[in-house]
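*Asks:* This is a predicted model, with the sequence first.
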Amino acid sequence: MINPFVLLVADLIDRTFGELPEKVHPVVIIGNMISKIQDIIPSSNSKNPKSDLIKGMVLNLSIIFALLIVCSIVDYILNFLPSFLKLIGQSIIISTVIGHKSLIEFSKAPLEYIKNNDFEGARKSVQHIVSRNTSELGEKHIISAGIESSSENITDSIIAPLFYAIFFGISGAVVYRAINTMDAMLGYKNEKYNYYGRFSAYMDDIANFLPSRIAGLILAISAPFYGGNILNGLKGYIYQGHKTPSPNSGYTMAVLANALNMQLEKIGYYKLGTGEITLKKGYQSLKAIDCTTFGFLIIYGIFYLLI
């Protein structure tokens, strides 16, 4: 199990400095790898489902295998460094696949536009973080869309990479990010990706199963620190966490909705929680991201010391 110091420093690095330039960002590099392999083994656009399924599996496994080789080489090099420098090196690398600062910034942007009564700017801003059409959303639904995305991405952007780093080090964090990126690029139910991207979607669902539920529990437990209610958050976790199309995203969304006594709604898909949604609760949801992250790190640190 990895030293909790590594994870703490990794998150602090990302929370302070944010994303690397695109040319050297691991997620961008992984995305380019995915695109190149797609060019070599393209989808048949669902004309040959079996072939598309196999090609999608080959793409996923090729990316994972290549990254495991690279991470093994990096680990081998780090082992020659003094212990403290090795820990710092691990922290720096893991920080590149965490999206703590960027998640805060993207989630805060639509709230700032609404605060300044710029609803068109808010709609355009929230469009960057959600897949739905935002052109006709009113204030409440703009805030809701932003909170839904930010709470869902607590798992994808922060908790899951840290979780897999605990057990598999650099390789765990990097491979998780690759799985998440492949789902983001290929996991669509359209003509091109319905079969080709199905393995990517399944891999992402499996990879997020435990982290999403852990993130939801910590989000509920830490509720008082962002102005929420623990008991309501736990009720949301138990009774509404499974009520979204995704098998994993609902847990953090349901907890936050109920902990802050507000209703999050994606029209035609789900309603989570009850109560009025306000700009203040939008800002509280940003604080919840930090509370969940540091709650996870503290709990793991205690567990590590005990064992």
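*Replies:* On my side now, so go ahead.

*Asks:* Show me the strands in the protein, by range?
*Replies:* 264-266, 270-272 (DSSP state E).

*Asks:* Show me which residues of the last one are buried.
*Replies:* Of all the residues in strand 270-272, those buried under the rule 16 or more other C-beta atoms under 10 Å are 270, 272. In this view, the C-beta of every residue, glycine as well, is placed from N, C-alpha and C.

*Asks:* Parallel or antiparallel, list what pairs with it.
*Replies:* strand 264-266 (antiparallel) (DSSP bridges).

*Asks:* one step back: residue 140: which of the strands of the chain is closest?
*Replies:* strand 264-266 (8.5 Å; C-beta to C-beta).

*Asks:* now the helices: where do they sit in the stretch 201-307 of the chain?
*Replies:* Ranges of helices within the stretch 201-307 of the chain are 230-240, 250-259, 279-306, based on DSSP state H, counting those that start in this stretch.

*Asks:* how far off helix 230-240 does the second one point, in degrees?
*Replies:* So that's helix 250-259. Helix 250-259 runs at 140 degrees relative to helix 230-240, counting by axes from the mean of the first three to the mean of the last three C-alpha atoms, to 10 degrees.

*Asks:* re earlier: compare the strands of the chain and say which comes out lowest on pLDDT.
*Replies:* Sorting these by mean pLDDT places strand 264-266 lowest, at a mean of 85.

*Asks:* Could you list the residues in contact with that strand?
*Replies:* Strand 264-266 is contacted by residues 132, 141, 144-145, 147-148, 253, 256-257, 271-273, 277 when judged by C-beta atoms under 8 Å, 6 or more residues apart in numbering.

*Asks:* 10 Å instead?
*Replies:* By C-beta atoms under 10 Å, 6 or more residues apart in numbering, the residues outside strand 264-266 that reach it are 130-132, 140-141, 143-145, 147-148, 151, 236, 240, 244-245, 250, 253-254, 256-258, 270-273, 277, 285.

*Asks:* From these, list the buried ones, please.
*Replies:* Among those, those scoring as buried are 130, 132, 141, 143-145, 147-148, 151, 236, 240, 244, 250, 253-254, 256-258, 270, 272-273, 277, 285 (criterion: 16+ other C-beta under 10 Å).

*Asks:* residues touching residue 202, list them.
*Replies:* 56, 57, 60, 183, 187.

*Asks:* Same list (the residues you listed) but as TSV, adding distance to residue 16, pLDDT and neighbour count.
*Replies:* Shown next, in TSV, are these (distance: C-beta to C-beta, whole Å; pLDDT from 0 to 100; neighbours: other C-beta atoms under 10 Å):
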residue	distance to residue 16	pLDDT	neighbour count
56	37	96	26
57	39	97	16
60	33	97	23
183	28	96	22
187	31	92	20
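
*Asks:* quick revisit: reformat the strands of the chain into JSON lines and put distance to residue 35 next to each item.
*Replies:* Output for the strands of the chain, formatted as JSON lines (distance: least, C-beta to C-beta, whole Å):
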{"stretch": "strand 264-266", "distance to residue 35": "29"}
{"stretch": "strand 270-272", "distance to residue 35": "32"}
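
*Asks:* Disregarding residues adjacent in the polypeptide, which is nearest to the residue nearest the centre of the chain?
*Replies:* Central residue of the chain (C-alpha atoms, centre = their mean): residue 156, 1.6 Å from the mean position. The shortest distance from residue 156 to any non-neighbouring residue, by C-beta to C-beta, 6 or more residues apart in numbering, is to residue 180 (5.5 Å).

*Asks:* now do residue 19
*Replies:* Spatial nearest neighbour of residue 19, excluding adjacent residues (C-beta to C-beta, 6+ apart): residue 102 at 5.4 Å.

*Asks:* Now for that neighbour: which residues touch it?
*Replies:* 14, 18, 19, 153, 157.

*Asks:* And the residues you listed, which is closest to residue 79?
*Replies:* residue 14 (24.0 Å).

*Asks:* longest helix in the protein, by residue count?
*Replies:* helix 49-78 (DSSP state H).

*Asks:* counting contacts, what elements does that one pack onto?
*Replies:* helix 26-40, helix 83-95, helix 160-186, helix 198-221 (3 or more C-beta pairs under 10 Å, 6 or more residues apart in numbering; DSSP states H and E).

*Asks:* so how far is the third one off the chain centroid?
*Replies:* Using C-alpha atoms, centre = their mean, to the nearest Å, the distance from the centre of helix 160-186 to the centre of the chain it belongs to is 10 Å.

*Asks:* Alright, I will stop here.
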